[in-house]
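J.: Have a look; sequence and predicted model below, questions after that.
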Amino acid sequence: MITVLFWNLARNAATLPHLECLAKSHAVDVFLLAEAPVDLSLGLSKLNGLGVGVYQEPASPQPKVRVLTRMPSSDLSAVFTGAAGDMTIWAAHSSKLPAGEVLLAVVHLPSKMGGNSASVQWSFASQVAREIAQSETARGHENTIVVGDFNMNPFDEGMTAATGFQGHMTRELAERPERDHRGDSYRRFYNPMWGFFGDRTPGPAGTHYWDASAPNNQHWSIFDQVLVRPAMIDYLTDLEILDHDKVHPLTRANKIPYKKHLSDHLPIIFKIDI
């Protein structure tokens with residue numbers, strides 16, 4: 001069993017001391033950090049002061065999402081990084097799966113804030129989804145989990161289209177055969193993040209909050225997501241959006257992310273029973 005936590009830190013060094021609290025309260029084995037401060041030494045120092053293993057940043061070709069882990073390099077290694085650095089695939093050792101490994105694809109995709117349209121985001125999603133499928137084929141299995149800041153909601157075209165990630169809201173849909181489209185076959189993902197919207201679910205109403213006076217503003221989004229191939233659905237457990245590190249709140253009194261002091265994103269955490 002390994003515990004994985006993803007968090008977009010918004011380049012704010014004030015987030016780093018919270019890694020210690022999160023590691024202590026949730027026994028985190030792998031931190032995946034988007035928009036991390038350049039210097040992570042403070043976070044590493046506090047993590048290693050816990051005495052629960054040696055956390056380090058493993059070598060990889062300049063990914064946009066940086067990794068801090070207490071897993072040895074023999075159990076977690078980078079096997080692919082996209083040309084833009086927006087997706088890195090890590091192979092995690094498994095003693096339970098016949099292939100002997102799980103592919104953990106970690107992404108940080110472009111946002112609309114930079115002028116990208118939904119169709120441009122869809123094109124990025126298509127390329128990354130293709131790279132993931134190619135890596136699966138090369139390694140001979142589909143034991144894949146994708147996690148990161150997609151900068152899209154679960155319902156956006158890049159997340160749902162056959163030529164994008166094709167992330168379905170139910171297991172039944174995800175377990176259907178590959179979808180044929182214009183002579184090509186496309187693999188499906190299960191996207192459990194659909195079930196986290198709103199205030200009738202445990203925890204926060206989303207992972208990102210945008211407080212603006214735009215005429216069309218839904219305020220809460222779920223940009224930070226976990227997608228699972230059908231082969232891995234039963235191995236993913238304890239998926240949560242966190243608003244507390246068990247010592248300090250990560251949100252203000254109104255349960256909105258502490259943007260000025262921490263980040264406008266909340267972390268997501270899950271376990272992989274491998």
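T.: Cool, the structure landed.
J.: Quick one: end-to-end distance for stretch 174-190.
T.: Stretch 174-190 has an end-to-end distance of 5 Å (criterion: Cα to Cα, to the nearest Å).
J.: Mind listing what's buried along that stretch?
T.: Burial within stretch 174-190, assessed by neighbour count using 16 or more other Cβ atoms under 10 Å, is assigned to Ala174, Tyr186, Arg187, Arg188, Phe189, Tyr190. No exception for glycine: its C-beta is placed from N, CA and C like everyone else's.
J.: Tell me which two in the residues you listed are the farthest apart.
T.: The span of the buried residues of stretch 174-190, defined through Cβ to Cβ, is set by Tyr186 and Tyr190 at 14.4 Å.
J.: sorry, back to before: now flag whichever of the buried residues of stretch 174-190 is closest to Thr163.
T.: Looking at the buried residues of stretch 174-190 and their distance to Thr163, the nearest is Tyr186, at 6.6 Å (Cβ to Cβ).
J.: With adjacent residues omitted, what lies nearest to the closest one?
T.: If you skip the residues right next to it in sequence, Tyr186 has Ala162 as its closest partner in space, 4.5 Å away by Cβ to Cβ, 6 or more residues apart in numbering.
J.: and that neighbour, what is it in contact with?
T.: With contact set as Cβ atoms under 8 Å, 6 or more residues apart in numbering, Ala162 has these partners: Arg179, His181, Tyr186.
J.: In the stretch 51-200 of the chain, what residue spans correspond to helices?
T.: 118-139, 157-160, 171-174 (DSSP state H, counting those that start in this stretch).
J.: Tell me the buried residues in the last one?
T.: Taking 16+ other Cβ under 10 Å as the basis for neighbour counts, the residues of helix 171-174 that come out buried are Ala174.
J.: residues making contact with that helix?
T.: Contacting residues not belonging to helix 171-174 are listed as Gly167, His168, Arg188, Phe189, Tyr190, Asn191, Val228, Pro230, Ile233 [Cβ under 8 Å, 6+ apart].
J.: Likewise for the longest one?
T.: The set of residues that contact helix 118-139 without belonging to it, under Cβ under 8 Å, 6+ apart, is 79-80, 82, 86-87, 89, 91, 99, 101, 103, 105, 107, 109-110, 112, 142, 144, 146, 150-152, 156-159, 161, 163-166, 186-187.
J.: any idea how far it is from the chain center?
T.: Going by Cα atoms, centre = their mean, to the nearest Å, the spacing between the C-alpha centre of helix 118-139 and its chain's C-alpha centre is 15 Å.
J.: just to revisit the earlier point, indicate which one of the helices of the stretch 51-200 of the chain is closest to Ile268.
T.: Counting by Cβ to Cβ, Ile268 lies closest to helix 157-160 out of the helices of the stretch 51-200 of the chain; the figure is 15.2 Å.
J.: Check the most far-flung residue of the chain relative to its centre and give its pLDDT.
T.: In the chain, the greatest distance from the average C-alpha position (Cα atoms, centre = their mean) is reached by Gly183, at 30.7 Å. Model confidence at Gly183, expressed as pLDDT, equals 78.
J.: Just list the residues touching the closest residue to Pro249 other than its chain neighbours, thanks.
T.: Leaving out its chain neighbours, the residue that sits closest to Pro249 by Cβ to Cβ, 6+ apart is Asp243, at 6.7 Å. When contacts are counted by Cβ under 8 Å, 6+ apart, Asp243 touches Gly203, Pro204, Pro249, Leu250, Thr251, Lys255, Leu266.
J.: Also Pro230?
T.: Applying Cβ under 8 Å, 6+ apart, one finds that Pro230 lies in contact with Glu142, Arg171, Ala174, Glu175, Arg188, Tyr190.
J.: For burial, what's the neighbour tally of the nearest residue to Ala59 once chain neighbours are set aside?
T.: Spatial nearest neighbour of Ala59, excluding adjacent residues (Cβ to Cβ, 6+ apart): Ala78 at 7.3 Å. Applying other Cβ atoms under 10 Å, we find 18 other residues in the vicinity of Ala78.
J.: surely Gly140 meets Glu101?
T.: No. Taking Cβ atoms under 8 Å as the definition, Gly140 is not a contact partner of Glu101, at 10.0 Å.
J.: who's more crowded, these two?
T.: Glu101 (19 against 9).
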